[in-house]
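Student: show me the folded form of this:
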Amino acid sequence: VEQSWYDYKLRWEPKEYGGVQMLHVPSDHIWRPDIVLYNNADGNFEVTLATKATIYHEGLVEWKPPAIYKSSCEIDVEYFPFDEQTCVL
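Tutor: The predicted structure follows:
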């Protein structure tokens, strides 16, 4: 699940910091969006791991935590194999 957002508190001028334009920081050191899979099939709602986030000098934060999601949804196989299924997560 790739996530990105802007955080104005994490902006800086590269020329004031030796030309540094981006940083990799532990994701638990910054604010992260709370993402929950509501139709979770295994009862485990924790989807975040201790991974690094990339912060760019404009305040852009990119976070790509690895995740395995187990979900369930109803399917209709009446027209199998010519059917199409949609499962909302």
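Student: for the rest of this, base every contact and every neighbour count on C-alpha atoms.
Tutor: Fine.
Student: poorly predicted segments of the protein, please.
Tutor: Within the chain, the stretches with pLDDT under 70 are 37-49, 68.
Student: could I get the full set of strands for it?
Tutor: Under the criterion DSSP state E, the chain carries strands at the ranges 3-6, 22-26, 52-56, 60-63.
Student: in JSON lines, list those along with mean neighbour count and distance to Lys70.
Tutor: Converted to JSON lines, the strands of the chain look like this (neighbours: other CA atoms under 10 Å; distance: least, CA to CA, whole Å):
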{"stretch": "strand 3-6", "mean neighbour count": "14", "distance to Lys70": "19"}
{"stretch": "strand 22-26", "mean neighbour count": "13", "distance to Lys70": "26"}
{"stretch": "strand 52-56", "mean neighbour count": "20", "distance to Lys70": "24"}
{"stretch": "strand 60-63", "mean neighbour count": "19", "distance to Lys70": "21"}
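Student: quick check: which of those strands is nearest to Val77?
Tutor: Across the strands of the chain, Val77 has its closest neighbour in strand 3-6 (33.7 Å, CA to CA).
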